[in-house]
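Chemist: quick one, fold the following:
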Amino acid sequence: MTVRLGFLGAGLIAHAHAASLRTGAAAATIVAVHDPDRARAERFAATFGGDGGLRILDDPDAVIDAADAVYVCTWTAAHPDLVRRVAAAGKAVFCEKPLATTAAVAEDMVRTVEAAGVVNQVGLVLRSVPGFALVRALLRLPESGRLSTVVFRDDQDIPVGNGYGSTWRGDKDKAGAGTLLEHSIHDLDLLEWLCGPVASLSAYQDNLHGHDGIEDTVSVSFRFRSGGTGVLCSTWHDVPGRGSNRRFELFTERARIEAEGNAAESVSWEYRAGQGERSEGADQIARAGALGVVLPGNPDVAFVESVRTGRPAYPDFRVVLRAHLLVDAVYRSAAAGGAAITLPEPDGR
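Modeler: Numbers count the residues shown, from 1 in each chain. Now for the predicted structure:
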């Protein structure tokens, strides 16, 4: 079975998913696309149209009707309605993160897709990155010992215009908020995936670029339930050409582990000063495999296979709910001048 895919939204992230499907030789074909900006849809069709079978449609429902599964790659505020329409049609759905502008709306979306019984997946792609999977495995080695502290910095050229080719990320009605919700929801999910559940947090934020309601700097302090502390600094800057970069440094009782790069392209660790190791590229996959890690592979190909087989996709909408709860807690803390916020126990996913 070749899965027929529709795309709602034809911007940068839609191009990234379509390219990933092509690179992974997914058993799928893109049959339809809709974008309010027709010129953007035309560029998408010209790039991924293949033999010309990709139609540009003026109605999102027409895209849904034409497809077996739909990618929702629009601005955040449009996600809930489009996901509802896809689910009502009984079609599988891949929605970009964040699901919605608040955790409450995201929870409604989870209930919608679960009640419809459709395959659903969210774009928490860092869980499939070999470098971060290697970090997770190293943390769980007995010789590493207990978590002490983690310092995580995520910086990105402010994605209002520039290389993103869009302005909606500077519009609170469409984006909901700024660097934390739009970008570092990835980082909050990753921190718990690596270090375990957060027990409490405290946060501050700033808005230097002046886009109303769109913060460009957030600093968060954490205490984890298993012990240990951490900080996350997320910022949108004006350093043209720098793009996105993540730097993650973690200390346990007996180890130091470091990941550098937007997708942890380089990982290094040491158990004794001057006797460290480094892993990059394909070696990360081999190292992780040697530690018993089974990597999920290309997340877009995995979604297509879930649609083909009917097996549940991963990470699904319910997984991202925890990250949304963390996002909301950060904003509540920042609004209260850095007040400590206690997080509930996660549901184990």
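
Chemist: contacts for stretch 152-160, please.
Modeler: For stretch 152-160, contacts defined as CB atoms under 8 Å, 6 or more residues apart in numbering pick out 163, 166-167, 169-170, 179, 182-184, 186-187, 191, 209, 211, 214, 216, 230-249. The way it works is simple: take the backbone N, C-alpha and C, and place the C-beta from them, glycine included.

Chemist: mind checking the pLDDT average for it?
Modeler: Per-residue pLDDT values over stretch 152-160 give a mean of 94.

Chemist: repeat that for stretch 186-198.
Modeler: 97.

Chemist: circling back to that earlier point, which members of the contacts of stretch 152-160 occur in helices, if any?
Modeler: Cross-referencing these against helices under DSSP state H gives 179, 186-187, 191.

Chemist: ok, back up a step: out of the contacts of stretch 152-160, which are buried?
Modeler: Neighbour-count burial (16 or more other CB atoms under 10 Å) is assigned, among the contacts of stretch 152-160, to 166, 169-170, 179, 182-184, 186-187, 191, 209, 211, 214, 216, 230, 232-236, 246-248.

Chemist: all strands of the stretch 151-300 of the chain, in order?
Modeler: 198-206, 217-224, 229-237, 244-252, 256-260, 266-270, 276-280 (DSSP state E, counting those that start in this stretch).

Chemist: list the contacts of the closest residue to Phe248 other than its chain neighbours.
Modeler: Closest residue in space to Phe248, ignoring its immediate chain neighbours: Ala259 at 4.2 Å, by CB to CB, 6 or more residues apart in numbering. Residues near Ala259 by CB under 8 Å, 6+ apart: 131-132, 135, 246-248, 266-267.

Chemist: try it again at 6 Å.
Modeler: Ala259 sits next to 131, 135, 248, 267 when contact means CB atoms under 6 Å, 6 or more residues apart in numbering.

Chemist: domain boundaries for the chain, per the record?
Modeler: The chain breaks down by automatic domain parsing into domains covering 3-125+301-316, 126-295+325-342.

Chemist: deepest of those, which one?
Modeler: domain 3-125+301-316 (a mean of 20; mean count of other CB atoms under 10 Å).

Chemist: what mean pLDDT does that domain have?
Modeler: Mean predicted confidence for domain 3-125+301-316 is 96.

Chemist: okay, Ala100 and Leu321: tell me how far apart.
Modeler: 10 Å (CB to CB, to the nearest Å).
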